[in-house]
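Peer 1: I would like to see how this sequence folds:
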Amino acid sequence: GGGNDDMNTMNLTALLLLRVTLPTLYPFDEKSAPVFDFDYFIATDRDAVCNPDKPIETLAHLEEYELKGALSEEAKQILPDPCVYEVVTSWLIERLFDFVTLSVHAQLQLN
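Peer 2: Numbering: from 1, shown residues only. Down below sits the predicted model:
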């Protein structure tokens, strides 16, 4: 992943809109893990002041392909038990920033 100490310095916070598609036989089919898709992602400095007339600009990019694969692998470890809640509330919350890289704009702000 792309996580690093610069993100801790910036005090980043993220919003991720996650869509989960469950297979027909979920959770009873061990070979069919849920499909995780990302509909929206933004990361910003928690301490930033935003003017109401300007859009919020993300300071980081999500490595979607890598995160999607990691979520799927984690879910397969838990199946045939229901896995979505555990994958999202424990694994994803702890590891999200491992799959985030700072934008060039954010890197320039640090210097």
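
Peer 1: C-alpha from now on. contacts and neighbour counts both.
Peer 2: Will do.

Peer 1: In this structure, where is pLDDT below threshold?
Peer 2: Low-confidence segments of the chain (pLDDT under 70): 1-10, 108-111.

Peer 1: So in this structure, which helix runs the longest?
Peer 2: If you go by DSSP state H, the chain has its longest helix at helix 64-78.

Peer 1: how about the most centrally placed residue in the chain, secondary structure?
Peer 2: A centroid search over the chain (Cα atoms, centre = their mean) returns Leu96, at 4.3 Å, as the residue closest to the centre. Of the three states, Leu96 takes helix under DSSP: H, G, I helix; E, B strand; the rest coil.

Peer 1: now it: how far from Ser72?
Peer 2: 14 Å (Cα to Cα, to the nearest Å).

Peer 1: Show me where the protein has its helices.
Peer 2: Going by DSSP H, the chain shows helices at 5-10, 64-78, 84-86, 93-95, 104-110.

Peer 1: where's the third one relative to the chain centroid, distance-wise?
Peer 2: From the chain centre to the centre of helix 84-86 is a distance of 14 Å (Cα atoms, centre = their mean, to the nearest Å).
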